[in-house]
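Peer 1: have a look at this prediction, sequence included:
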Amino acid sequence: MGIYRYPVIRPRRLRRTQGIRDLVSQSRLSIEALVQPVFVDEGISGDRVAIESMPDQYRYSVEGVVKFVGELLEAGIKSILVFGVPSEKDPMAKRAYNNEGPVQRALRNIRREYGDEVLIATDVCVCSYTDHGHCGIIVKKGSGYVVDNDESIKILSRIAVSHAEAGADIVAPSAMMDGQVGAIREALDSEGFSDIAIMSYSAKYASSLYGPFRLAASSKPQFGDRRGYQMDPRNSWEALKEVEMDIAEGADIVMVKPGLWYLDIVRLIKDNFPEIPLAVYSVSGEYLMIKAAAMSGYISENQAILEALTAIKRAGADIIITYYAYKIPELLGR
Ligand SMILES: [Zn+2]
């Protein structure tokens, strides 16, 4: 076909009105597929405290979170991903699997109020609970410290079981420890939680975009960084290996994190593993980029939110975890 022919082919016919554009749109954001991250901080009094690094986001008390979940349900957002912020930290993350820890108490409160109306996923990691801020247990090696993979997955398994006991539907291991999914699956099964699903942070990259989250979840590493366990941003095929391993170990849902700078990875995974639900976590830095751009006055926040999330959907996400979830029903006119 040449660049011009008569009669002219007119793709613009299908772009003429909102109605016709909606009719033929090839990607649709659905609010059922959105997950709102929720921070529960056992150290705050009152309902909530603003998160300095993330405008319009809050940390909730174990009681205050119930009200927030009620607002989400009212708006049509039915799924949450819960992160705990403990008031005590120690090298072994003991508070993370304590029955009276922030996540465990919050889950019981939420379940008591809303039953199965809300779908609860919980982040399973230790970085908010360890005094050193790493995603695993550290041991001395030579002149420095290393994260001990195999000791860490034992603790991650205990955390997952305690979340299941408190009412989680899905546990989401995010530590990027080798074998974490298999260990958690085994622990859940042996404790009678074979029906609790695992959403694995399979391809979690060592990204600059987690900065605002670390303040929100109080999870900043006190020394070193996480490049020893999170994925190298230069790698793409390696994501397939991580996903394949997680599926083999029993993951029910796999995840890519962050979202926007990793849409090639999202597409790669979707094309290679179309059979498994794929979640994408649009992270705190992505949230802040849109907020900051909107503050410049040159970018429309609402338009940018929908465009960014639609791009994630278009790339192949089945599930989108976003700090903007609470706002989407309103933006879609629901
Ligand atoms: Zn972590």
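Peer 2: Cool, the structure landed.

Peer 1: going forward, measure contacts between C-alpha atoms and count neighbours the same way
Peer 2: Fine.

Peer 1: what parts of the stretch 51-200 of the chain come near the ion?
Peer 2: Taking Cα under 5 Å from the ion as the test, the list of the stretch 51-200 of the chain residues beside the ion reads 125, 127, 135, 175.

Peer 1: check the secondary structure at the last one for me.
Peer 2: Taken by DSSP: H, G, I helix; E, B strand; the rest coil, the conformation at residue 175 corresponds to coil.

Peer 1: widest-spaced pair of the residues of the stretch 51-200 of the chain next to the ion?
Peer 2: By the measure Cα to Cα, those have their two most distant members at 127 and 175, which lie 8.2 Å apart.

Peer 1: show me whatever sits in contact with both of the two.
Peer 2: Residues within reach of residue 127 and of residue 175 at once, by Cα atoms under 8 Å, 6 or more residues apart in numbering, are 135, 136.

Peer 1: tally of neighbours for residue 98?
Peer 2: Residue crowding around residue 98 was assessed by other Cα atoms under 10 Å; the count is 16.

Peer 1: got a list of what it touches?
Peer 2: Per Cα under 8 Å, 6+ apart, neighbours of residue 98: 104, 162.

Peer 1: ok, it to the ion distance?
Peer 2: Taking Cα to the ion, to the nearest Å as the criterion, residue 98 is separated from the ion by 17 Å.

Peer 1: got it, and residue 256?
Peer 2: Residue 256 sits 15 Å away from the ion, taking Cα to the ion as the criterion.

Peer 1: any low-confidence regions in the stretch 151-300 of the chain?
Peer 2: Counting by pLDDT under 70, the stretch 151-300 of the chain contains no low-confidence segment.

Peer 1: tell me which stretches of it form helices.
Peer 2: Using DSSP state H, counting those that start in this stretch, the helices of the stretch 151-300 of the chain run over residues 180-190, 211-216, 237-249, 263-272, 284-295.

Peer 1: same list, those helices, but as CSV with mean neighbour count and distance to residue 19 please.
Peer 2: Formatted as CSV, these follow (neighbours: other Cα atoms under 10 Å; distance: least, Cα to Cα, whole Å):
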stretch, mean neighbour count, distance to residue 19
helix 180-190, 21, 45
helix 211-216, 18, 39
helix 237-249, 18, 39
helix 263-272, 19, 28
helix 284-295, 17, 28
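
Peer 1: got the contact list for whichever residue of the stretch 201-334 of the chain sits closest to the ion?
Peer 2: Ranked by Cα to the ion, the top residue of the stretch 201-334 of the chain for proximity to the ion is residue 219, at 7.2 Å. Residues counted as contacts of residue 219 (Cα under 8 Å, 6+ apart) are 127, 128, 129, 133, 134, 213.

Peer 1: swap in residue 268?
Peer 2: Residue 268 makes contact with residue 240, according to Cα under 8 Å, 6+ apart.

Peer 1: next: residue 96.
Peer 2: Going by Cα under 8 Å, 6+ apart, residue 96 touches 84, 86, 126, 129, 159.

Peer 1: tell me the one among those nearest to residue 242.
Peer 2: For residue 242, the nearest member of the contacts of residue 96 is residue 126. The distance, counting by Cα to Cα, is 20.3 Å.

Peer 1: what's around that closest one, how many residues?
Peer 2: Applying other Cα under 10 Å, I find that residue 126 has 31 neighbouring residues.

Peer 1: one step back: now for the contacts of residue 96, which pair is the farthest apart?
Peer 2: Comparing every pair within these by Cα to Cα identifies 86 and 159 as the most remote, at 13.5 Å.

Peer 1: just to revisit the earlier point, excluding chain neighbours, give the residue nearest to the residue of the stretch 201-334 of the chain closest to the ion in space.
Peer 2: For residue 219, ignoring the flanking residues on the chain, the nearest one in space by Cα to Cα, 6 or more residues apart in numbering is residue 128 at 4.3 Å.

Peer 1: wait, that neighbour sits on residue 218?
Peer 2: Yes - under the criterion of Cα atoms under 8 Å, residue 128 makes contact with residue 218 at 5.6 Å.

Peer 1: look at the two and report which has more neighbours.
Peer 2: More neighbours surround residue 128 than the other of residue 128 and residue 218, with 27 against 18 (other Cα under 10 Å).

Peer 1: look up how far residue 217 lies from the more buried one.
Peer 2: 6 Å (Cα to Cα, to the nearest Å).

Peer 1: rewinding a little: how close does the residue of the stretch 201-334 of the chain closest to the ion sit to residue 16?
Peer 2: Remark: distance between residue 219 and residue 16 (Cα to Cα) = 49 Å.

Peer 1: swap in residue 86?
Peer 2: Following Cα to Cα, the distance that separates residue 86 from residue 16 is 53 Å.

Peer 1: please say which of those two ends up with more neighbours.
Peer 2: For the pair residue 86 and residue 16, the greater number of neighbours falls to residue 86 (22 against 10), based on other Cα under 10 Å.
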